[in-house]
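Peer 1: Prediction below, plus the sequence it came from.
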Amino acid sequence: MNSAHATNFSTEFWPDPAAMRAEVSHIARGVLAGAAPQIDEGRYPLDIMGSLGAAGAFSPHLDAFGARFDLALEAMHEVSRSCGATGFLTWCQDVCGLYLEQSGNPALTARLVDHAMGRRFGGTGLSNPVKALAGIEPMLLRARKVKGGYLVNGSLPWVSHIGAGQYCGAMAAVEGDDGKRSHEIMFLIDFDGCIELKPCPEFSGMEGTSTWRIPLSDYFVGEDAMIADPARPFIARIRAPFILLQVGMATGVIAGAIDSMRDVEPALGHVNCFLQDRPDEIQAELDELTGRVAKLVAAPYDGGKDYLMDVIDARAQGGELALRAAQSAMLHQGARGYLRSAAPQRRMREAQFIAIVTPAIKHLRFELDRLMREETPQ
Ligand SMILES: Cc1cc2nc3c(=O)[nH]c(=O)nc-3n(C[C@H](O)[C@H](O)[C@H](O)COP(=O)(O)OP(=O)(O)OC[C@H]3O[C@@H](n4cnc5c(N)ncnc54)[C@H](O)[C@@H]3O)c2cc1C
């Protein structure tokens, strides 16, 4: 536990693991599984997110709630097994909670309980800055120092799990009067009426994730909204937990794909046995991945290079296995899996999303290459 940033809540808030597991499973396998096709096509499931929050799905990884990353990943796995889009919303909510808590800013930690219990909702707009800090693309938001804070300008192309009354973490490069960039700040954007969210182009799936473009024009960031100034040390600290938590989306989608393969075994097993990536094979690989992750969850703030490389590698393994598992489930189910409302073809698009959401598989490999070369200078 990172006690430097722990907020002093009573342990009465800590989720009871058995009760949390049972309730999250009940929601995921019941109402969420039924709603998954509509969520894929645009229904933003805030009501279901509220129930998951009340069940304790969004709090276990937080220091103030016991720092149980294993439980947070279990909850995300169970949600993603039924609906990858809601699994992604769970990850957004989880990392936004991490920003609020790890900021150590009393104005933000005061908002933590409502967030962790799913009474308030918020996402994360860090894809661009994470890629910008890695040198992959330019930083899109710019900040200028003014009395009492900063004015931010620019536009973030697609940020999910936001809407009226919600919020998200974001980052901007600070520019001086001469246009030179000195450092970056990380802050919370509140969507309280002064920002007009712009629609995104239609995606091929994940449409219920409430994903918008955020245009900022002289948006004021005061001390109450500051997550980190400067932002780089903060990003270095949360980088591994940020990536590690995403593995829960991947393992859930993989488990859902295995479910779909097994569903048709009585009817099609005699011919499906000629396919590659059979359910037992994918399950064995999933078990191996889950075993790796079980070791990593014990020290999410480890900070060491070896640890970070292990986390990145596990996340890449999860993304790659999700793609293979989803494709195999489609082949196992055949035409019934190809129906517009069928889980296997929806899961193909969910797995593709896991492979491209930041850090995308290509970005993970880029980071691994960079870290390996740092270890063995030419
Ligand atoms: C459904 C969905 C939800 C997302 N939710 C979030 C979120 O909550 N928070 C967040 O920070 N990011 C979010 N993203 C962005 C995501 O994490 C990736 O950054 C994005 O998919 C591009 O990643 P990439 O590394 O593959 O970049 P590349 O595909 O290699 O693209 C490089 C750059 O070009 C831009 N680009 C590519 N195609 C287009 C296009 N057609 N129109 C405009 N720009 C384009 C990309 O934004 C990217 O910055 C979301 C993306 C999708 C599809």
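Peer 2: The structure has been received and is ready for your questions. Numbers count the residues shown, from 1 in each chain.

Peer 1: low-confidence ranges in the stretch 151-300 of the chain?
Peer 2: Filtered on pLDDT under 70, the stretch 151-300 of the chain yields no residues whatsoever.

Peer 1: quick one, strands of it?
Peer 2: For the stretch 151-300 of the chain, the strands defined by DSSP state E, counting those that start in this stretch occupy 167-175, 181-190, 198-199, 212-222, 226-228.

Peer 1: could I get the ones you listed as JSON lines with mean neighbour count and distance to residue 266?
Peer 2: C-beta coordinates here come from the backbone N, C-alpha and C atoms, glycine included. What follows is these, written out as JSON lines (neighbours: other Cβ atoms under 10 Å; distance: least, Cβ to Cβ, whole Å):
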{"stretch": "strand 167-175", "mean neighbour count": "24", "distance to residue 266": "45"}
{"stretch": "strand 181-190", "mean neighbour count": "20", "distance to residue 266": "51"}
{"stretch": "strand 198-199", "mean neighbour count": "10", "distance to residue 266": "44"}
{"stretch": "strand 212-222", "mean neighbour count": "17", "distance to residue 266": "44"}
{"stretch": "strand 226-228", "mean neighbour count": "21", "distance to residue 266": "52"}
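
Peer 1: Minimum distance to the ligand: which of these has it?
Peer 2: With Cβ to the nearest ligand atom, the closest approach to the ligand among those belongs to strand 167-175: 7.4 Å.

Peer 1: Just the CA atoms of the closest one, as CSV, please.
Peer 2: Extracted in CSV, the C-alpha atoms of strand 167-175 (Å, rounded to 0.1, in the frame of the first residue of the first chain):
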residue,chain,number,x,y,z
TYR,A,167,-15.3,14.1,-15.1
CYS,A,168,-12.0,12.7,-16.4
GLY,A,169,-8.3,12.9,-15.9
ALA,A,170,-6.3,14.7,-18.5
MET,A,171,-2.8,16.1,-19.1
ALA,A,172,-1.4,19.2,-20.8
ALA,A,173,2.0,20.5,-21.8
VAL,A,174,2.8,23.9,-20.0
GLU,A,175,4.0,26.5,-22.4
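
Peer 1: Is any residue of it near the ligand?
Peer 2: No. Using Cβ under 6 Å from any ligand atom, strand 167-175 never reaches the ligand; the gap is at least 7.4 Å.

Peer 1: chain center to that strand, what's the gap?
Peer 2: Put simply, strand 167-175 sits 18 Å off its chain's centre (Cα atoms, centre = their mean, to the nearest Å).

Peer 1: quick one, strands of the stretch 1-150 of the chain?
Peer 2: 122-124, 141-146, 149-159.

Peer 1: Deepest in the core, which of those strands is it.
Peer 2: Using mean count of other Cβ atoms under 10 Å, the stretch among the strands of the stretch 1-150 of the chain with the largest mean neighbour count is strand 122-124, at a mean of 25.

Peer 1: Can you give the contact residues for that strand?
Peer 2: 92-93, 95-96, 99-100, 115, 159-162, 166-169, 188 (Cβ atoms under 8 Å, 6 or more residues apart in numbering).

Peer 1: Among these, which pair sits farthest apart?
Peer 2: For the contacts of strand 122-124, the farthest-apart pair by Cβ to Cβ is 100 and 160; their separation is 17.3 Å.

Peer 1: Okay then, goodbye and thanks.
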